[in-house]
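Visitor: coordinates only, no sequence provided:
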């Protein structure tokens, strides 16, 4: 085990920096108070809500119709983005039904 000796001035300087950091973190937390992060949806939830297949969902992502965020290998969607494309999906479903196929 190594022992590091620092002067009193350096110690007080470090404590001051830590206190300022702590104050800054608390300030950020106070600003965020009352602001809740919205719940994100995963692939399965979006497919169920829109009544589409996982492949159709991938197509919506690939062509930029539906925004998403990826963390690791998991993909998430904002509920408001999913709601925004409901009409688009319904229009595609009607077109597909007219042609005698499904989406």
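Guide: Received the coordinates, thanks. Everything numeric here is computed off the predicted structure, so don't read it as measured data. Numbers count the residues shown, from 1 in each chain.
Visitor: which SS class is residue 80?
Guide: Secondary structure assignment for residue 80 (DSSP: H, G, I helix; E, B strand; the rest coil): helix.
Visitor: contacts only, for residue 61.
Guide: Residue 61 sits next to 68, 75 when contact means Cβ atoms under 8 Å, 6 or more residues apart in numbering. No exception for glycine: its C-beta is placed from N, CA and C like everyone else's.
Visitor: would you mind measuring from it to residue 50?
Guide: Plainly put, residue 61 is 12 Å away from residue 50 if you go by Cβ to Cβ, to the nearest Å.
Visitor: can you check residue 69 too?
Guide: For residue 69 relative to residue 50 (Cβ to Cβ), the value is 18 Å.
Visitor: ok, for the residue most central in space within the chain, nearest residue in space, not its chain neighbours?
Guide: Nearest residue to the geometric centre of the chain (Cα atoms, centre = their mean): residue 69, 5.4 Å. Leaving out its chain neighbours, the residue that sits closest to residue 69 by Cβ to Cβ, 6 or more residues apart in numbering is residue 76, at 5.1 Å.
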